[in-house]
Every structure is written in structure tokens, then in C-alpha cells.
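Engineer: let me see the structure of the following:
(chains A, B, C and D)
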There are 4 protein chains.
Amino acid sequence: MEHKIRTDLALEVRESFPEDDVEIKGVILTEEIDEKNNIRITTVEIKDDKGAKAMQKPIGTYITIEAPELNNASDDYHKPVSELIAKYLRKLTGDLSHDEVLVVGLGNREVTPDALGPQVVDNLFVTRHLIREYGDEFKVRNNLGSVSAISPGVMAQTGMETMEIIKGIIKETKPRLIIVIDALASRSIHRLNTTVQISDTGISPGSGVGNNRKALNEESLGVKVIAIGVPTVVDAATIVADTLTKYMESTGFGEEDIFQFISEVNGSQMYNMFVTPKNIDEAVKEISYTLSEALNSCFSQPIIT
Amino acid sequence: MEHKIRTDLALEVRESFPEDDVEIKGVILTEEIDEKNNIRITTVEIKDDKGAKAMQKPIGTYITIEAPELNNASDDYHKPVSELIAKYLRKLTGDLSHDEVLVVGLGNREVTPDALGPQVVDNLFVTRHLIREYGDEFKVRNNLGSVSAISPGVMAQTGMETMEIIKGIIKETKPRLIIVIDALASRSIHRLNTTVQISDTGISPGSGVGNNRKALNEESLGVKVIAIGVPTVVDAATIVADTLTKYMESTGFGEEDIFQFISEVNGSQMYNMFVTPKNIDEAVKEISYTLSEALNSCFSQPIIT
Amino acid sequence: MEHKIRTDLALEVRESFPEDDVEIKGVILTEEIDEKNNIRITTVEIKDDKGAKAMQKPIGTYITIEAPELNNASDDYHKPVSELIAKYLRKLTGDLSHDEVLVVGLGNREVTPDALGPQVVDNLFVTRHLIREYGDEFKVRNNLGSVSAISPGVMAQTGMETMEIIKGIIKETKPRLIIVIDALASRSIHRLNTTVQISDTGISPGSGVGNNRKALNEESLGVKVIAIGVPTVVDAATIVADTLTKYMESTGFGEEDIFQFISEVNGSQMYNMFVTPKNIDEAVKEISYTLSEALNSCFSQPIIT
Amino acid sequence: MEHKIRTDLALEVRESFPEDDVEIKGVILTEEIDEKNNIRITTVEIKDDKGAKAMQKPIGTYITIEAPELNNASDDYHKPVSELIAKYLRKLTGDLSHDEVLVVGLGNREVTPDALGPQVVDNLFVTRHLIREYGDEFKVRNNLGSVSAISPGVMAQTGMETMEIIKGIIKETKPRLIIVIDALASRSIHRLNTTVQISDTGISPGSGVGNNRKALNEESLGVKVIAIGVPTVVDAATIVADTLTKYMESTGFGEEDIFQFISEVNGSQMYNMFVTPKNIDEAVKEISYTLSEALNSCFSQPIIT
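Structural biologist: This is a model prediction of the structure:
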């Protein structure tokens, strides 16, 4: 069956294994808690092909920051979350304040839950053109990384693979690191707009809100690619299937062809539907701001350890 | 149990009765088909208190226009749909081209599926101020109805009941008919952005996307109120419950406390979630335009029969 | 001559008198400087009919806060400006944290320099509905004023006088103070988006960006009206006329029918044009936020003196 | 003097020569009138270096379509204007319905008068990805050109020269023609949002609303570049200078250091100001639609002669 439970979060894939406490070969799971801010940081490391196959995700590190209060947060709460994102981002990238980075905001800015990437880019402090105009001395004096950014739009808007656009821009502008921002699908409504996943594996094909596009990763682009994602939707079929599965468990039934059944009941249109909170416009605006603040602080300040 | 299947469409309430072909006392159902454009028009008339109780909707007429192709429609398709809406609207209102109408666009313009009302108002050709400036002769010569319009915003934005705002405006500007435009919740994803409900009963309390507000109807406002609604969301709990119910029927189980179960699985956050198509931004923009064209044509042209 | 130098700032009217240092009968001018933040606060008090006639503005107090650095301000600069606005607003209103206030955002949200009012309202923390739901005890415990708000749109959008809409809402909701927010026209490009005028006279007819509307003031509405305005445009004809006048002075020519001449050269279309800075979208967004912060702080905090 | 009269329209440069009827060497001017629709089409051909020097524009053809009624146009008026634009565009490009075209929407979508390019791109029917998925047979059957499109944003948003971005994309996607859409500055307020300039010379450095960017033309990109522009602003200093100049002529004074004078009076901020009509948001939306319709018709229909 083609359709299956949809999640872009490595953490949720890991959680989906029944043997929750058992070790999966080639996958290391570690957890930290920031009690003061009620934030959980989980790191999933996929170490080898065995782990990659089990997880159906590329080898690499996936850091998930869960801040459940982000949804109803006061303005003051965004600052510690933003600082935490910056801290864990630097774990994967090293010091960014001297680097040359291209930030790519994926997604369609006209579709609210998909507008996360473009909205983060809108709030970035880009500097590459300033450094080129005022020279390296300007860069050093201000302790600035060279930052460029683009929101290329989605294939239905451009007629081009995002990969083609970014590859071309890389050839001309030669950044040394790509940071890709994208809206994700999660399996749980509790994670919507409260969770950030940072990985060093790029964006795999078939991810995102069901769009087809070729992978953006070091192999395809020739430059290291860090991906930052926030789940903003749950696939409608997934939420129904998840509930059904749990219902069947509770009634003692075995798993069956659930998605088949959902299709019969709801038709194929179900697969063009997503579940999203009623305050999605506000939520995306706020978490975009938190992410761009995290990035801006990485690009313009030295690491103080 | 507090939560239950959510629909704002009288047609769907009618469909929910198991005895689908049997007559319900006090409710008359008639159906017309526009074969050329593949449009079905269903009229539900609730004639008395018995019918109102069975349907849990006020006494009155509910016309539902289903145009399933609206979703992927070419520009040319919108014109016949718009004309059909105008035709059935006039069935409830009579000739509008000499009347004094206040159009109210309900909903929150910042939340895409709720922005239908404000977007319709944005495209209206308002004339009241012109007629007041240039006189009745201007009105007659151009065969214009007097049209005023407002998008008051929702209570979380204004701190006021919509009813209070509209009541106040009516006192000052004395329109003779109110047309209220609102986004609705339906039970079926197939009806999203393809269905228009026109009724002469106003908007009942507890309708809409789960917001509490007092009724806008002839009783509360002292003026006849026509409501035009388009379903743009399905309640997330409803879609899960509907699928579950059908699953249980197919496995021979009786109906149980399904929503209770959904709550246990998904938590209370489920009730702040809705299901919406991925192209919701585009879809709301297009059907808003279709509605405003229908209204504009009613206000400025004589009925030719 | 019908057209003349356009300004909504009492301060600029005062400055336009040739006898700049001389006293004008019935008009008192006082000035304070906040040196630390480079802000000048000027208070123009029109005390009697003589002053009103000379100034062509109603009797009352006009406080102008000029913060020239607002235009290129860091985020940190907005806070002291916002506190200053709150302080001078309270000079005209008294303590607002126990009052019942209706905030009206005038202007057309689709036209960027006219969107100031609606954008301020978008950021307000409205409380009236909460207090009505949770009771006065809630209000006292949180030290909250009752705040409602509306952005009615302009007459070309609604077909109604703003005055009619507001009057109706006042009848239904009975606020004890109205605060009106509007974008203004100034005479000098230096004041655009850097100046705030607070007055206790309401909004006079013919103000704003050339729109006709009836006055919103205590006389027409029966409630005290405070107006807060920010110049976001200069009338195009005014900027040309101002430059021409100065040119003629420098060449020794006397004043002539300048506007007549401008009309001959540029045609009547000139009067539908305004001058605005290239960054107007960003500038309006920022100063709207500063104003809404000032208002929010007045509504929910006690005055500490 | 650095600053001078600003116009991006070849037609206005041509008009600025005092010897209006005299021939300028190397420049050919022809004019056609569409009387029915009250549209004037002027073609300025710069034939050689002499003409280029006199006109301070590159050698090539500049077609200007002036449709003064576009500003208050009914919906019906946009269709003939759109067809006319398509017709003259094809004069410069040949049949586009079999070509591979990349459309570039220049400008900042957050600044209304600069959002023309992005808004045109938003309404394009892009096809390149469909042709790549369904094959050439699909293309031939539907008589489609291959269309891709991008709105790269401006340098202050991306940190990159537009030229770098486009050059990179061309390398990867290999279009055979580039069509660049941009908002222009004109000298006359009468031409705002009513005039379209089509040229085969690309976009020259220093054009646009005063931004610095490198040329997008055949020389820099290796592909033919057609530029389509619509004036949406008049430089504020230009409108003042133009009026002053005419004033001095009428008083018998000779030309002097006018811009110097304007600077003294208004300060350097004048050069960050533009003049724009009050209905700019609506005007840009409408003419964008007219342009995208013209392009869509070129891409998907054969020329019928």
C-alpha cells in the first residue's frame, strides 16, 4: 500500500517502534531536559546503514527540541527557546560567525502552514552584500558571518525543482554551508508549532507536505546542508489512522488495511487534506520569529563557552 | 457528552438521519439538477417546531448549491455558478436592485479558512455613500440598490459581540435587509469550498468554526437576515469520529462513546484543530470572488424573467 | 483657491506663522526635550476661539512627540518611545487601567500608508469580552481596563460614514472613552513615521489623506475622544508648493498663485498623489507596534508616579 | 551634479529633448494609435552608438503602450490592453508557444509599488515541470511553451545580486529566453500604472527605484532578455524639479542648480521618497493581472495572423 503514516520527525519514527525501550541497532537516542523552561531535547543519531534502514532516514544526527509551551507563550518565553535552538544548531555547524552561509526558506508563502521557511528568511539579517561592498575589514570588525538567503517558492510556482535553483545559486555565489528551513508534517497534534528538528542530513525526497522534490543534501549540492524543520501540519489520513489503530488495539483487534479503509470512507481527496490548529497564522508567525532570532544570533556573535 | 458531530449545513443534518428516504415530519426536501454544469441544488424547508427540533436548526429555508468542480475550476466555470447563486439568493430576498442592504462579512481575516466573509466584502461594489451624495435620481438611473458593508472581525479581536456591533450599525444606518457571509464547518471533505448554503434564518449561536457568539437573525436585529455560508473546514474530531463510526459499523460494533475515545487518544487539543485542503488560500480567494460577483449582480441589475 | 498647504499637525500649523517667536493670541506653546533619547515633546494648547481661528483647529491640547531616530531604530529604541507616548497619553486621559475604552483604527488596511490604524488595532490586547465573561473580579485582580477595538474601514469600502458606524457601536457597548488612531499628512518629509500627535479634540472633518468624513469628537459622539496620529504621507502638491515658495523667496519673488501653477503643470491628478518613503511598509509596521505597546501598557498597568 | 531627472522610459528620454520634432541621429520614433481603445503605441528604436549616447540607453527597441484609461478601467477594458501587450511582445520575441522561457519578477513584494514583478509571477501559468513530467507529447498536444518563473527578491533581502541568482538558475535550467518584469520610475504622474514599456535590451544598471544592481541582458546572461516594465512611482525630487523648471521657464529664468536647491530645502531624505497614487495597491494588482494574462496567452496559444 502506497500511503503510510506520515512523519518528518526522526523522533516520531523512533517512537513508533513497539519496543520503545529496546535498543535499535545503529541508532543512539539521548535525552536532555531543560527543567526551568520545560523543554526536552532528544538526539537521535543514526550511525550506520542498519540504523538508516530501520529508521528509513539517512545516516546523521537529528536533534529535536520540544517546547510545549511555545503555543501559548508570552513574548518572554521565546528568548530562551531561541537561545537553545542556536546552541544546538552550533553543535552541528560549529561557529557560524565567520562562515559563509546560504539560508534557503522552502515552502509556499501563500499557504499558511507551508510559509514557515519564507517567513524565517523575511526576518533574517542578510550581510553578504554589505561585506562585499565594505570589505572583509567590515566583517571582522562586526564579527559577522556572510549571510545570503532565498525563498525560491515551490515547484508549482516556479516550474523548477528547488534543487536546480539552489544548485545554480551555489555555483554562482559559493557559500560554504546551506541551512534549509522547512515546514514539516508530524504525527501528533501536540507537536505542531512547538517542536524544532535540526539535522545535518539535509532534506530527504518525499518529505514535507507531500510534495515531490529531489533531495537537498551534501551529495546533491556539494556543500554541507543543515535542515531546520518545524511540524505545522498533521496529515489528515495519519491522524485518522492513528486513532483507528489505537481504537483497534483497545478492542483487541489486529492491525488491518486501515488506510485502505480510510480511502474507502473518505475518498482519495483525504490525501490532499491536512490538520492544522485554528491559530496557525499566529503560530507560524511566532515560531518563524523565534527561528530567525536563533539564526541571527549565530551569524553575528562569537560562541562564548 | 458535550462534543458531537459538527456541521453547519442543514443538508448534512438531513443526511445524517438513518432513514434517508423516509420523510421527517415538518421537513421538506426538494432537489434540482443543473446537468450542464454538474451542479445539484437541494432545498431543505423546515416548516414547524417539530422539524426544527428534529433538525436542530431554526424554522426556515436552506438552499444548498453543490458544485463539485469549483475546486479545480477554470475561470469560465465561476460565471454560471455565480449566476446560479444570484438566482437562488433572489428566491429568498426578492429583487435586490432597489433595496437597502447591509452585507456583513463574518470571520477573522487573518485565519485563511475563516477569511471568506471579509474577502467577499472586499470585492463588493458598495453604493450607499454614492447614493447619499448624488441622490435618488442617481440610484434610479443606474438601477442600483443601496449597499453598505462591514467586516467587524471576531470577538477575540474586538472584545465585542458581533451582534452588538451590527445592532448598533443598524440603528444608525437603517438597512432593510442584512446579508451575512460566513465560513462554515461541514462534515465531509468533499463539500469544502464547493458548496454554498443560502438560508433565510440568520446565523444561529454556536455555528461557525467553534466560536461562541449570539445569533444574528430577524428576532435579535429587527431586520430580515439572509445567511450565505461556504464550508471551508471539517472539524478534526468530526472526521475521525465519522471514519471510526463507519469502521465500527463494518466490523459489526455498535456506536459507543467515540468522541470520548478520540479525546483520550488525542487529548483536548483535538478540539482546536481543523481539517482543510492544502490549497485553502487559493480556494477561499476564488469562491469569495464567485460570491461577491453573485451579490454585485443582484444589487445592480434588475431581475429579468 | 481651493487647495492649500496640507498638514494635520497642529505643530506645523503653528510653525507656518511667519512671526515664529511671537505669541499668537489664544495659543500656548511649550517644549520639553528628552536628551537621552533625542526626543522633543511640544505641546500646543489652543485656549479660545481666537486661537482656534488662527490655527484653524478646534480648541484643545495637541501634544507632538518627535523621535527622529525612529526611522532607523534598533528594536531597543522603541521601548522608551513607547513609554513616552503612554506617559503623555495619560496626561490627557488620566488613569486608563480602570476605564472602559473603545479604540478605533481608522484608515484603509489595503493602502500601506493608511493602514496605521488597523495595524495598531491588530496588536491590541482587547479585554472587554473577557471581563464580561469572567466578571469584575477578574478585572480588578488583573488590574485591567475594559478594552474593545474596531477597524471599520473607510467609506469607499463600507458605504457608511465612519461616524455612523462608531456612533452605533457606542450606543450598544457604552464605552466611556474613545481613542481614535489615524494616519496623518504632514508638511515635512522629515516627520514621516517619526512623529506622534496626541490630542483631546477628536478628528476634525477634512483631515487625513484627503478623505471626506464627518468629525469624530465629543460633540458628535457624546463621549470624550482622544486622537493619536502619525504622519505617514506628505501631500504631493504640498511638497512641490513648499519648495517653490522657498525658491521664490530666495529669488526675491513674492508669493503667487502657486497651486494654480502646479495644477497647470501637473494637472488635477496631482491631488491624488502622495509622497512616501521607500520603506513605508516596514516603517508603518514598526510604529504601529510602538503605538499598540503604548496603549497596551496604559490599559493594563496602574500609573506609578 | 549627481542627481538628475529620473525616468526609466525611453519615450520620456526622447520627449525631454527640446527639439521635439527634430530628428535625433540614430533614433527612430514611430507611433500608432488604437483609437477604439484610446491607446497610443510608440516605438523608439536606438540604432547605433550615437543614438545610444544621446538617449543614454542601450541600442535596441523600446515599445511603449500608453492606455490612460487603465487607471479607472472596467474589467472589460483589461482584455484589449492585455491582447495588445501580447501582440507587441511577440513582435520582439517571435512565437513563444514553443519556446523555453524563464520569467523573472524583479522587486520587493513587501513594498507595494515595487511588487509588480512578483505579482505578475504569482499569476503565471508555469508549465516546465509538467512538460518534464508528462513529456514533449504533452507539450505539443497542448501547444504549450515551457515556462518557469522566479521572484528572487531584492539584494537587501537576499544578500546576492539578482544577476548572480538568475545566472545560476540559467546554468541549471537552460532557458532560451528570459523575460524580466519590473516596476519603473517615470517622470510624469500621468503615466503611473497606465503605461507598459517592452524592450529587447534587458534591464540596465541603475534602473528601477534607485537600487544598484548589475545589468540583466544578453551580454551578462548569455540568453536574450526581454524587459517589461510599468512605471509605478515618480521620484519625489524629479516631480519637484520638473515643476520648478517649468516655473522658471514661465518667469523667464534660465535653468540653474535646481536639484542643489531642492536638496537645501528638503535635505537628502528627499532622495528616499517617491510619489505614488493613493490607489497604488489596487492599481498594481490590476496591471499585474493584465500583464500576466498577456504572458499566459503568449505561452499557450499559437500566433494567428
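Engineer: for chain A, what spans make up the helices?
Structural biologist: Assigned by DSSP state H, chain A shows helices spanning A:10-15, A:49-55, A:75-93, A:116-122, A:128-134, A:136-141, A:155-158, A:162-173, A:218-221, A:236-251, A:258-266, A:280-300.
Engineer: from those helices, which stretch is densest packed?
Structural biologist: helix A:116-122 (a mean of 26; mean count of other Cβ atoms under 10 Å in any protein chain shown). Any C-beta I mention is one placed from the backbone N, CA and C, and that applies to glycine too.
Engineer: now residue A:283. Nearest residue, chain neighbours left out?
Structural biologist: residue A:193 (4.0 Å; Cβ to Cβ, 6 or more residues apart in numbering or on different chains).
Engineer: need the contact list for the one you found.
Structural biologist: A:70-71, A:230-232, A:277, A:280, A:283-284, A:286-287 (Cβ atoms under 8 Å, 6 or more residues apart in numbering or on different chains).
Engineer: and with 7 Å instead?
Structural biologist: A:70-71, A:230, A:232, A:277, A:283-284, A:287 (Cβ atoms under 7 Å, 6 or more residues apart in numbering or on different chains).
Engineer: tell me which of those residues has the lowest pLDDT.
Structural biologist: Lowest pLDDT among the contacts of residue A:193: residue A:71, with 75.
Engineer: who are the contact partners of that one?
Structural biologist: A:193-194, A:283.
Engineer: one more pass at 8 Å, please.
Structural biologist: Per Cβ under 8 Å, 6+ apart, neighbours of residue A:71: A:192-194, A:277, A:279, A:283.
Engineer: among these, which two are most distant?
Structural biologist: A:194 and A:279 (12.2 Å; Cβ to Cβ).
Engineer: compare neighbour counts for those two and give me the winner.
Structural biologist: residue A:194 (22 against 18; other Cβ atoms under 10 Å in any protein chain shown).
Engineer: correct me, but that one touches residue A:68?
Structural biologist: Yes - Residue A:194 sits in contact with residue A:68 when judged by Cβ atoms under 8 Å, with a separation of 5.2 Å.
Engineer: so where's the stretch 1-150 of chain A shaky on pLDDT?
Structural biologist: A:1-5, A:18-22, A:72-75, A:98 (pLDDT under 70).
Engineer: near chain B, which residues of it?
Structural biologist: Proximity of the stretch 1-150 of chain A to chain B, by Cβ under 8 Å from any Cβ of the partner chain, involves residues A:110-112.
Engineer: pick out whichever of these sits closest to residue C:44.
Structural biologist: residue A:112 (45.6 Å).
Engineer: in contact with that closest one, which residues?
Structural biologist: With Cβ under 8 Å, 6+ apart, residue A:112 has these contacts: A:276, A:280-281, A:284, B:112, B:280-281.
Engineer: farthest pair in those?
Structural biologist: Top of the distance list for the contacts of residue A:112 (Cβ to Cβ): A:284 and B:280, 13.7 Å.
Engineer: show me what from chain A comes close to chain D.
Structural biologist: Going by Cβ under 8 Å from any Cβ, the residues of chain A near chain D are A:110, A:121-122, A:126-130, A:146-153, A:155-161, A:164-165, A:167-173.
Engineer: what about chain C: which of these touch it?
Structural biologist: Within the residues of chain A next to chain D, nothing lies near chain C by Cβ under 8 Å from any Cβ.
Engineer: distance of the residue in the stretch 101-250 of chain A positioned nearest to chain C relative to residue D:124?
Structural biologist: Proximity of the stretch 101-250 of chain A to chain C (Cβ to the nearest Cβ) peaks at residue A:122, 10.7 Å away. Separation of residue A:122 from residue D:124 (Cβ to Cβ, to the nearest Å) stands at 22 Å.
Engineer: ditto for residue A:118
Structural biologist: From residue A:118 to residue D:124 the distance is 18 Å (Cβ to Cβ).
Engineer: leaving out chain neighbours, which residue sits closest to the residue of the stretch 51-200 of chain A found nearest chain B?
Structural biologist: Per Cβ to the nearest Cβ, residue A:110 is where the stretch 51-200 of chain A lies closest to chain B, at 5.0 Å. Distances taken as Cβ to Cβ, 6+ apart put residue B:281 closest to residue A:110, at 5.0 Å, once the chain neighbours are dropped.
Engineer: residue contacts, the one you found?
Structural biologist: A:110-112, B:112.
Engineer: nearest to residue D:88, of the residues you listed?
Structural biologist: residue A:110 (30.7 Å).
Engineer: for the lengthiest strand in chain A, name the packing helices and strands.
Structural biologist: For chain A, the longest strand by residue count, based on DSSP state E, is strand A:224-235. If you count contacts as 3 or more Cβ pairs under 8 Å, 6 or more residues apart in numbering or on different chains; DSSP states H and E, strand A:224-235 packs onto helix A:75-93, strand A:177-186, strand A:195-199, strand A:273-277, helix A:280-300.
Engineer: out of those, nearest to residue B:102?
Structural biologist: It's helix A:280-300; of the helices and strands packed on strand A:224-235, that one is closest to residue B:102 (Cβ to Cβ) at 27.6 Å.
Engineer: return the closest one as PDB; C-alpha atoms alone will do.
Structural biologist: What follows is helix A:280-300 as a C-alpha-only set of coordinates in PDB (Å, rounded to 0.1, in the frame of the first residue of the first chain):
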ATOM      1  CA  ILE A 280      -2.000  28.500  12.600                       C
ATOM      2  CA  ASP A 281      -1.400  32.000  11.200                       C
ATOM      3  CA  GLU A 282      -0.300  33.400  14.500                       C
ATOM      4  CA  ALA A 283       1.600  30.300  15.500                       C
ATOM      5  CA  VAL A 284       3.700  30.200  12.300                       C
ATOM      6  CA  LYS A 285       4.400  33.900  12.600                       C
ATOM      7  CA  GLU A 286       5.700  33.500  16.100                       C
ATOM      8  CA  ILE A 287       7.900  30.400  15.700                       C
ATOM      9  CA  SER A 288       9.300  31.900  12.500                       C
ATOM     10  CA  TYR A 289      10.400  34.800  14.500                       C
ATOM     11  CA  THR A 290      12.000  32.500  17.200                       C
ATOM     12  CA  LEU A 291      13.900  30.700  14.500                       C
ATOM     13  CA  SER A 292      15.200  33.800  12.700                       C
ATOM     14  CA  GLU A 293      16.300  35.200  16.000                       C
ATOM     15  CA  ALA A 294      18.200  32.000  16.700                       C
ATOM     16  CA  LEU A 295      19.900  32.200  13.300                       C
ATOM     17  CA  ASN A 296      20.700  35.900  13.500                       C
ATOM     18  CA  SER A 297      22.400  35.300  16.900                       C
ATOM     19  CA  CYS A 298      24.500  32.500  15.400                       C
ATOM     20  CA  PHE A 299      25.600  34.600  12.400                       C
ATOM     21  CA  SER A 300      26.700  37.700  14.300                       C
END
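Engineer: got the angle between that helix and strand B:273-277?
Structural biologist: 90 degrees (axes from the mean of the first three to the mean of the last three Cα atoms, to 10 degrees).
Engineer: which residues are in contact with the closest residue to residue A:6 other than its chain neighbours?
Structural biologist: Of all residues not flanking residue A:6 in the chain, residue A:235 sits nearest, at 4.0 Å (Cβ to Cβ, 6+ apart). Listed by Cβ under 8 Å, 6+ apart, the contact partners of residue A:235 are A:6, A:185, A:210, A:271, A:274-275.
Engineer: poorly predicted segments of the stretch 201-305 of chain A, please.
Structural biologist: A:204-213, A:248-269, A:301-305.
Engineer: let's see 80
Structural biologist: Scanning the stretch 201-305 of chain A for pLDDT under 80 picks out A:204-213, A:241-272, A:300-305.
Engineer: just give the nearest non-adjacent residue to the residue nearest in space to the middle of chain A, would you?
Structural biologist: The centre of chain A sits closest to residue A:229, judged by Cα atoms, centre = their mean, with a distance of 1.3 Å. In space, residue A:229 comes closest to residue A:184 once its chain neighbours are excluded; the distance is 4.1 Å by Cβ to Cβ, 6+ apart.
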